[in-house]
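Engineer: attaching a predicted model along with its sequence, questions to come.
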There are 2 protein chains.
Amino acid sequence: MKTMGFTRLILVQGPPLPDPQAEAMASNAGDILEAAVRVATLADALRGCYGALALTARSRELATPPLWAREAAAEMAQLCRHGDVALVFGNETTGLSNEELAICGRWAMIPANPAYSSLNLAAAVQVMCYEMRLALSELPAAPQSCAADIPARHDEIEGLLAEIESAAITCGFLDPQRPGRLMLRLRRLFARARLEKNEVNILRGLIATLARTSRGDFDHST
Amino acid sequence: MKTMGFTRLILVQGPPLPDPQAEAMASNAGDILEAAVRVATLADALRGCYGALALTARSRELATPPLWAREAAAEMAQLCRHGDVALVFGNETTGLSNEELAICGRWAMIPANPAYSSLNLAAAVQVMCYEMRLALSELPAAPQSCAADIPARHDEIEGLLAEIESAAITCGFLDPQRPGRLMLRLRRLFARARLEKNEVNILRGLIATLARTSRGDFDHST
């Protein structure tokens, strides 16, 4: 990542730092390791980001179709105009869980040999950082739109989802004992919609007002 | 290289094969190692090739300036119409000598952070093979999602919008006398989202349940 000019490394439940083996392998990129941050959850890592791109080796259920790495990098580069974005990689062995993929709003695959498609983690990071470097260097000046709105931050969308879930439970639409796929579907819809800040505010206002005035049809506590 | 679909590895004065350490690190690409060929000189390795692209970490006193990796891959892909081409990498420590560079007719550099520009050998091979794979294939069609759903019909989305509007008025969030741009914004959002039939049904169910249980904070009729 340092060869491509990126410096902020966040480890979700990674091993304790400093780690002698990691330091030995970091060559002259020890400064990145020293500044690395460990956090407990992926949500913690993504707080404040305007977008999160998860790398996956295969297309999975309940994702919108992933983009190829190059297109995804171009889209993330656009989002960089507004603030931080994150590239999200799973560990070497198991990759990202479906839950972690769902939390990220965007998914990318690296084109590969179908007969041997799984790049190791370091290789995937190198290719994706390379594409990001090129996408950022090729970024044309922002076109002026009459409706130029600020995209919602990742945690703002998470806040909206939490409020919808809470309202849906309160009013009896969602049974927390049998949640089904409601929230996953909404997450998918919002990811595809590329929600803007104003839209999140509108939806939160609507849901909050509906929830405040709701008495609930069902009582799941009994 | 196997992840990108390339199979022919030629080692110039490399270590004797088989090499236990190399086999251990090859993971499931042992077939490439088994088929690898050792030769005495770079000229031997390039015999029969229609072009040879040398990767270099820095611009040197070359006959022509190096190309960036992406342009170079495009040029090599064109040459592949005629026959074999070679990507030529130096060893991890010293790279390619000036003599070796001179033997190759073309030179490429991988764009990198000027403050830390030297990719390790494996990383450079991965990036260059990735660029060659993309250059050789037109950008492939988007990967298929496992969860391809039926798009919502226009009138189904209109029905959803009408229900949201009605619920928003009933609960007091929307003043019909001063509607503002709420519905316009939601319409815009749903258009961008390319709503699916299932999603419309879920949202209609949620809104209907919230609305049925809402008592309303305001009474616009008085």
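Structural biologist: Right, received. Where do you want to start?
Engineer: output the below-cut-off pLDDT ranges for chain A.
Structural biologist: A:59-64, A:140-148, A:215-222 (pLDDT under 70).
Engineer: can I get stretch A:128-143 in CSV, CA atoms only?
Structural biologist: The C-alpha coordinates for stretch A:128-143 follow below in CSV (Å, rounded to 0.1, in the frame of the first residue of the first chain):
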residue,chain,number,x,y,z
MET,A,128,-6.4,-2.8,-5.8
CYS,A,129,-4.1,0.0,-4.4
TYR,A,130,-2.5,0.2,-7.9
GLU,A,131,-5.9,0.7,-9.5
MET,A,132,-6.8,3.3,-6.8
ARG,A,133,-3.6,5.2,-7.5
LEU,A,134,-4.3,5.3,-11.2
ALA,A,135,-8.0,6.2,-10.7
LEU,A,136,-7.0,9.1,-8.4
SER,A,137,-4.4,10.4,-10.9
GLU,A,138,-6.8,10.2,-13.8
LEU,A,139,-9.7,11.8,-11.9
PRO,A,140,-11.0,14.6,-14.1
ALA,A,141,-12.3,17.8,-12.6
ALA,A,142,-15.7,17.4,-11.0
PRO,A,143,-18.5,18.2,-13.4
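Engineer: and chain A, what are its domains?
Structural biologist: Using automatic domain parsing, the domain ranges for chain A come out as A:10-137, A:154-212.
Engineer: got those as CSV, with mean neighbour count and distance to residue B:200 columns?
Structural biologist: C-beta: built from backbone N, CA, C; applies to glycine. Converted to CSV, those look like this (neighbours: other CB atoms under 10 Å in any protein chain shown; distance: least, CB to CB, whole Å):
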stretch, mean neighbour count, distance to residue B:200
domain A:10-137, 17, 16
domain A:154-212, 18, 10
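Engineer: out of these, nearest to residue B:111?
Structural biologist: With respect to residue B:111, and counting by CB to CB, the nearest of the domains of chain A is domain A:10-137 at 6.0 Å.
Engineer: so where do the strands sit in chain A?
Structural biologist: Counting by DSSP state E, one finds strands in chain A at the ranges A:10-12, A:37-39, A:51-55, A:67-68, A:85-88, A:106-109.
Engineer: save the domains of chain A as CSV, and put in distance to residue B:48 too.
Structural biologist: Formatted as CSV, the domains of chain A follow (distance: least, CB to CB, whole Å):
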stretch, distance to residue B:48
domain A:10-137, 24
domain A:154-212, 50
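Engineer: close to chain B, is stretch A:27-40?
Structural biologist: Yes. Applying CB under 8 Å from any CB of the partner chain, one finds stretch A:27-40 touching chain B at A:27-29.
Engineer: which one of those residues sits closest to residue A:14?
Structural biologist: Residue A:14 lies nearest to residue A:29 out of these, by CB to CB, at 15.9 Å.
Engineer: wait, doesn't the closest one sit right on residue B:115?
Structural biologist: No. Using CB atoms under 8 Å, residue A:29 makes no contact with residue B:115, being 10.8 Å away.
Engineer: would you list the phi and psi of residue A:56?
Structural biologist: Residue A:56 has phi and psi values of phi -140, psi 150 when expressed as degrees, to the nearest 10.
Engineer: list the contacts for it?
Structural biologist: A:63, A:66, A:90, A:95-96, A:101, A:107-109 (CB atoms under 8 Å, 6 or more residues apart in numbering or on different chains).
Engineer: check residue A:190 too.
Structural biologist: Neighbouring residues of residue A:190 by CB under 8 Å, 6+ apart: A:105, A:157, A:160-161.
Engineer: let's have these in a markdown table, adding distance to residue B:191.
Structural biologist: As requested, the contacts of residue A:190 are exported to a markdown table (distance: CB to CB, whole Å):
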| residue | distance to residue B:191 |
| --- | --- |
| A:105 | 19 |
| A:157 | 19 |
| A:160 | 19 |
| A:161 | 21 |
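Engineer: measure stretch A:92-106 end to end?
Structural biologist: 20 Å (CA to CA, to the nearest Å).
Engineer: is chain B contacted by it?
Structural biologist: No. Applying CB under 8 Å from any CB, one finds stretch A:92-106 out of contact with chain B, separated by at least 10.9 Å.
Engineer: wait, residue A:110 touches residue A:129, no?
Structural biologist: No. Counting by CB under 8 Å, residue A:110 stays clear of residue A:129, with 11.7 Å between them.
Engineer: list the contacts of the residue nearest to residue A:22 when sequence neighbours are not counted.
Structural biologist: Nearest residue to residue A:22, sequence neighbours excluded (CB to CB, 6 or more residues apart in numbering or on different chains): residue A:33, at 5.8 Å. Residues near residue A:33 by CB under 8 Å, 6+ apart: A:9, A:17-19, A:22-23, A:26.
Engineer: got JSON lines for those residues, with distance to residue B:188 too?
Structural biologist: Output for these, formatted as JSON lines (distance: CB to CB, whole Å):
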{"residue": "A:9", "distance to residue B:188": "38"}
{"residue": "A:17", "distance to residue B:188": "45"}
{"residue": "A:18", "distance to residue B:188": "50"}
{"residue": "A:19", "distance to residue B:188": "48"}
{"residue": "A:22", "distance to residue B:188": "47"}
{"residue": "A:23", "distance to residue B:188": "51"}
{"residue": "A:26", "distance to residue B:188": "47"}
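Engineer: out of those residues, which is nearest to chain B?
Structural biologist: For those, the closest approach to chain B (CB to the nearest CB) belongs to residue A:26, at 11.3 Å.
Engineer: wait, doesn't that closest one sit right on residue A:32?
Structural biologist: Yes. Between residue A:26 and residue A:32 there is a contact under CB under 8 Å: 7.0 Å.
Engineer: in chain A, what residue spans correspond to helices?
Structural biologist: For chain A, applying DSSP state H gives helices covering A:20-25, A:30-34, A:42-46, A:69-79, A:98-103, A:121-137, A:154-170, A:182-193, A:197-212.
Engineer: what about the closest residue to residue A:210 other than its chain neighbours, distance to residue A:185?
Structural biologist: Leaving aside its chain neighbours, residue A:210 sits nearest to residue B:210 (4.2 Å; criterion: CB to CB, 6+ apart). Separation of residue B:210 from residue A:185 (CB to CB, to the nearest Å): 17 Å.
Engineer: do the same with residue A:31
Structural biologist: 43 Å.
Engineer: re earlier: farthest pair within the contacts of residue A:190?
Structural biologist: Largest separation among the contacts of residue A:190 by CB to CB: A:105 and A:160, giving 12.4 Å.
Engineer: please name the nearest non-neighbouring residue to residue A:187.
Structural biologist: residue A:102 (5.5 Å).
Engineer: hmm, back to that, the residue nearest to residue A:210 against residue A:167, yeah?
Structural biologist: Yes. Assessed by CB under 8 Å, residue B:210 is found in contact with residue A:167 at 6.5 Å.
Engineer: since that was my last question, I'll sign off now.
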